[in-house]
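Colleague: Have a look at this fold, sequence not included:
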Ligand SMILES: NC(=O)C1=CN([C@@H]2O[C@H](COP(=O)(O)OP(=O)(O)OC[C@H]3O[C@@H](n4cnc5c(N)ncnc54)[C@H](OP(=O)(O)O)[C@@H]3O)[C@@H](O)[C@H]2O)C=CC1
Ligand SMILES: O=C1OC[C@@H](O)[C@H](O)[C@H]1O
């Protein structure tokens, strides 16, 4: 069947309806002529009546001019500071290398600008604590500061969380991954430079980490118990130029108050494609593309007669009855508008003591391009809105003091996320990324 919905969504994302701008629209300035800004801000802003992408600043003026021409941005600044000094700018999008996030976000806040700050918020937890607890950030009339964990703002991810919360059984295991194939990230990229705050855990690894933290509860302390990484080694002569740069990381965590098995995996260059049909020596050269995903396994619960056992207790394995163990999977929470799916898989077993007499599986598949029917948020959101468009909606709502969808990434969460990244690096035997020595 021809996927009309998909084509329609993709067409509307590429050519969004252009909103006429309100008089008090927020004028955003882009700090850096970055690769991500067109996708994360410039395009989403087109359909938002309260956002104008008004300026771009780059270290190289000619590059900034070209970028401004390409994306129809009226003002060009030849330095980041010139952007912050521009009184016509209300908000700044910080999409600089991670190692510059702290410095330029604090400078922007000091200049009275709201900030949409790319993930990860800072180079490490020291910076994140300084930033998010800074009096200029915590003051009641402080500018709005948001770490751009865009996927959280999409109804698809929120529906997944709601399904988990509404499901029977305590959480037993949470696994999340984000792997990208070789060739996506270029050799000289900022992600491969320690001094700029690079590394897999800082980049593709932040998403699965953020996802598992959302699922187990952001107040839970994740203690890394085992962390494995692959060092980035682009040279054939065996010399590792950036020994602190993890090209791929796998981490297992213990959760503060429970026995949940938490694992994450990130990879900048995932290989091993067609491993089931090709010899290993061939397969390990091939990319192995896969959707980012999060998987949650719940404890079995008894669903027939009244049981004295509590969900997840060991008594269940020996008692008789009808048990159901649920697994929930979210495929592709990062680009859900293109494709996503929520699988709700119920594994049924009938037991007589330790003997399983019958077992079967029932699976329900869901998608959520918008909030549920009847939810007032569904009348505001659109099915074609990308995670970035949803994020921009909420950033503006916060600045304008509007109610919004209720989804937000606050400073407490951003600091806890950075602390967990630091702990993960330390457990791996690597250094957290360097702290900025710029005095602001
Ligand atoms: N939310 C998301 O989906 C994504 C988020 N990101 C995040 O956005 C940020 C930027 O990523 P991306 O757009 O890929 O990055 P780019 O490689 O495009 O770099 C961003 C900007 O950094 C500036 N820059 C400043 N100092 C340096 C330096 N020493 N070396 C290189 N560049 C420098 C450049 O600005 P200038 O123009 O002034 O030269 C460049 O335009 C990162 O924090 C990343 O994690 C990235 C991709 C996706
Ligand atoms: O969404 C993303 O995909 C690719 C990454 O390298 C990038 O930084 C990340 O945000």
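Modeller: Looks like it arrived, so ask away. All values reported here derive from a predicted model rather than from experimental measurement. Ligands and ions are numbered 1, 2, ... in the order given.

Colleague: In three-state terms, label the residue nearest the centre of the chain for me.
Modeller: Central residue of the chain (CA atoms, centre = their mean): residue 207, 3.9 Å from the mean position. Here residue 207 is helix, with the state taken from DSSP: H, G, I helix; E, B strand; the rest coil.

Colleague: Correct me if wrong: it contacts residue 151.
Modeller: Yes. In this structure, residue 207 is within contact of residue 151 by CB atoms under 8 Å, at 6.9 Å. To be clear about C-beta, it is placed using only N, CA and C from the backbone, and glycine gets the same treatment.

Colleague: Between these two, which contacts overlap?
Modeller: residue 334 (CB atoms under 8 Å, 6 or more residues apart in numbering).

Colleague: Please work out how many residues are found near the residue nearest to residue 124 when sequence neighbours are not counted.
Modeller: The shortest distance from residue 124 to any non-neighbouring residue, by CB to CB, 6 or more residues apart in numbering, is to residue 432 (4.2 Å). The tally of other residues near residue 432 (other CB atoms under 10 Å) stands at 23.

Colleague: Contact partners for residue 432?
Modeller: If you count contacts by CB under 8 Å, 6+ apart, then residue 432 has 123-125, 421-422, 425-426 around it.

Colleague: For ChimeraX, what selects the buried ones among these?
Modeller: Buried residues within these, by 16 or more other CB atoms under 10 Å, are selected in ChimeraX with:
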select :123,124,125,421,422,425
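
Colleague: Just want the residue of the stretch 101-250 of the chain that's nearest ligand 1.
Modeller: The minimum distance from the stretch 101-250 of the chain to ligand 1, using CB to the nearest ligand atom, falls at residue 118 (3.5 Å).

Colleague: how near is the closest residue to that residue other than its chain neighbours to residue 233?
Modeller: In space, residue 118 comes closest to residue 95 once its chain neighbours are excluded; the distance is 4.7 Å by CB to CB, 6+ apart. Between residue 95 and residue 233 the computed distance is 28 Å (CB to CB, to the nearest Å).

Colleague: And these two? Which one has more around it.
Modeller: residue 95 (21 against 15).

Colleague: ok, so what distance separates that one from residue 367?
Modeller: Taking CB to CB, one finds residue 95 at 29 Å from residue 367.

Colleague: Just give me the neighbour total for the residue in the stretch 301-440 of the chain that ligand 2 sits nearest to.
Modeller: Across the stretch 301-440 of the chain, no residue is closer to ligand 2 than residue 334, which sits at 5.8 Å (CB to the nearest ligand atom). By other CB under 10 Å, the residues close to residue 334 number 19.

Colleague: Reduced to three states, what does it come out as?
Modeller: Put simply, residue 334 is coil when judged by three-state DSSP.

Colleague: swap in residue 392?
Modeller: Following three-state DSSP, residue 392 is assigned to helix.

Colleague: Nearest residue to it in space, please, no chain neighbours.
Modeller: residue 44 (4.6 Å).

Colleague: Enumerate every residue touching that neighbour.
Modeller: So, once contact is read as CB under 8 Å, 6+ apart, residue 44 ends up touching 16, 51, 386, 388-389, 391-392.

Colleague: tell me which of the residues you listed is nearest to ligand 1?
Modeller: The nearest member of the contacts of residue 44 to ligand 1, counting by CB to the nearest ligand atom, is residue 388 at 7.3 Å.

Colleague: Thought residue 39 was touching the closest one, still the case?
Modeller: Yes. Taking contacts as CB under 8 Å, residue 388 lies within contact range of residue 39: 6.4 Å.

Colleague: Looking at these two, which has the bigger crowd around it?
Modeller: Remark: of residue 388 and residue 39, residue 388 carries more neighbours, 24 against 14, as counted by other CB under 10 Å.

Colleague: Distance from the chain centre to the one helix or strand that one maps to, please.
Modeller: Secondary-structure assignment from DSSP states H and E places residue 388 in helix 387-400. Chain-centre distance of helix 387-400: 16 Å, with CA atoms, centre = their mean, to the nearest Å.

Colleague: excluding its backbone neighbours, what's nearest the residue nearest to the centre of the chain?
Modeller: That would be residue 178: by CB to CB, 6+ apart, it lies 4.7 Å from residue 207.

Colleague: what phi and what psi does the backbone show at the one you found?
Modeller: For residue 178, the backbone dihedrals are phi -140, psi 110 (criterion: degrees, to the nearest 10).

Colleague: For it, give me the pLDDT.
Modeller: pLDDT, residue 178: 97.
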